[in-house]
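Chemist: have a look; sequence and predicted model below, questions after that.
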Amino acid sequence: MDINMFDFDLPDELIAQTPLKDRTASRLMVLDPATGKVEHNTFKNIIDYLNPGDCLVLNDTRVLPARLLGEKEDTKAKIEILLLKETGDDTWETLVKPAKRVKQGTTVVFGNGLLKAVCTGETDQGGRTFKFEYEGIFYEILDALGEMPLPPYIKEQLEERDRYQTVYAKHQGSAAAPTAGLHFTESLLEDIKKKGVHVTFITLHVGLGTFRPVSAENIEEHDMHAEFYQITKGTAELLNQVKKNGGRIVSVGTTSTRTLETVAGKHGGFCEDSGWTDIFIYPGYTFKAIDGMITNFHLPKSTLIMLISALAGREHVLEAYKEAVNERYRFFSFGDAMLILEGEN
């Protein structure tokens, strides 16, 4: 399948640079995947599209302040390290800028020596592995020294760090936020529960591979980076019960979708499970877990627009995106939202 089938014109000014002050004030486009019909609304009204007995599934991963600015111990040259994945024993896979300055054995110092990192090798993708040295608790030091790793499309500084976290973020480990969840407030989630809609959580630690450009002309040749996921026994039992009772499972974000589809694909249903997934969903895929999805507006030729095209149909998605551009919707991490769900409320 040709990558250019997922291209569209996106003016740069529509890539949202800052979050809205009110999380629920973003716009909401509702797309019926069966007909391609589009409605325009506001995110705070998403409750109107959910029925008692439905279930929202949210990703409760927490973004690490994973961007560290330091200097080489010997030459004082500036070095930027982005933490990607912990491999154990205080060792991390990372991306480094400028990578050419960092060889095996290089020591990088952060916070006047509060944290040190020694390069132990290179990764397949040109990154580096580092073993960290410190006194105290690593995540507390990281919280003091690190910055939020915003995507490269966002040029503005983030004034409030918590605006790149969901209000329900719990388990540390992501290199990027599950951004579809940024639209929810605790109050909105409570109102959704009061309507009789179930709310439950999975965990998938988002890696930067999710946003890596697809370089292959034939998308089937693209390799997804593996990401760690976990689904609890309680969540699995709830989802099975929702399905049994005829409720709809609505995933919040592509990360929740990929987790649920991985588990259902492995086990033929939902069960307690954890592991690594590199599932790549694109048109032709048969969904086994979800009935609908809440997601943001994605970039051209990305794996994310391929995933929603698998759910709603490529033609429907591209028509909806054309309308979103014409209506000046805000795109990507801090942008507006789309609900993909058949109109049956």
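Modeler: That came through fine. Numbering: from 1, shown residues only.

Chemist: domain-wise, how is the chain divided?
Modeler: Domains of the chain are assigned by automatic domain parsing as 3-63+160-340, 67-145.

Chemist: middle-most residue in this protein, spatially?
Modeler: Residue closest to the average C-alpha location in the chain (C-alpha atoms, centre = their mean): P178, at 3.2 Å.

Chemist: related to what we said a few turns ago, can I get the domains of the chain in CSV with mean pLDDT and distance to I154?
Modeler: C-beta: built from backbone N, CA, C; applies to glycine. Formatted as CSV, those follow (pLDDT from 0 to 100; distance: least, C-beta to C-beta, whole Å):
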stretch, mean pLDDT, distance to I154
domain 3-63+160-340, 95, 6
domain 67-145, 92, 12
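
Chemist: what's the most buried one of those domains?
Modeler: Counting by mean count of other C-beta atoms under 10 Å, domain 3-63+160-340 has the highest mean neighbour count of the domains of the chain, with a mean of 19.

Chemist: got the contact list for the closest residue in space to L10 that isn't next to it in sequence?
Modeler: Take L10 and drop its neighbours on the chain: the residue closest to it by C-beta to C-beta, 6 or more residues apart in numbering is P300, 5.8 Å away. By C-beta atoms under 8 Å, 6 or more residues apart in numbering, the contact set of P300 is 6-10.

Chemist: mind picking the two most distant members of these?
Modeler: Largest separation among the contacts of P300 by C-beta to C-beta: F6 and D9, giving 12.7 Å.

Chemist: from K243, how far off is Q17?
Modeler: Q17 is 40 Å from K243, where distance means C-beta to C-beta, to the nearest Å.

Chemist: all helices of the stretch 201-345 of the chain, in order?
Modeler: Secondary structure of the stretch 201-345 of the chain (DSSP state H, counting those that start in this stretch): helices at 233-244, 254-267, 303-312, 314-326.

Chemist: against which helices or strands is the third one packed?
Modeler: Applying 3 or more C-beta pairs under 8 Å, 6 or more residues apart in numbering; DSSP states H and E, one finds that helix 303-312 contacts helix 254-267, strand 292-296, helix 314-326, strand 337-340.

Chemist: same deal with the second one?
Modeler: In terms of contacts (3+ C-beta pairs under 8 Å, 6+ apart), helix 254-267 is packed against strand 55-59, strand 198-204, strand 227-231, strand 249-252, strand 273-277, strand 292-296, helix 303-312.

Chemist: for K37, what are its contacts?
Modeler: With C-beta under 8 Å, 6+ apart, K37 has these contacts: 31, 343.

Chemist: and what of the one 10 residues further on?
Modeler: With contact taken as C-beta under 8 Å, 6+ apart, I47 is in contact with 188, 191-192, 195, 197.

Chemist: which one of the residues you listed is nearest H267?
Modeler: Closest to H267 out of these is V197 (24.7 Å), distances taken as C-beta to C-beta.

Chemist: so that closest one makes contact with V57?
Modeler: No: V197 is not in contact with V57 according to C-beta atoms under 8 Å; the separation is 11.2 Å.

Chemist: separation between the closest residue to E323 other than its chain neighbours and R27?
Modeler: Spatial nearest neighbour of E323, chain neighbours left out: V38 (5.9 Å); criterion: C-beta to C-beta, 6+ apart. Between V38 and R27 the distance is 12 Å, computed by C-beta to C-beta.
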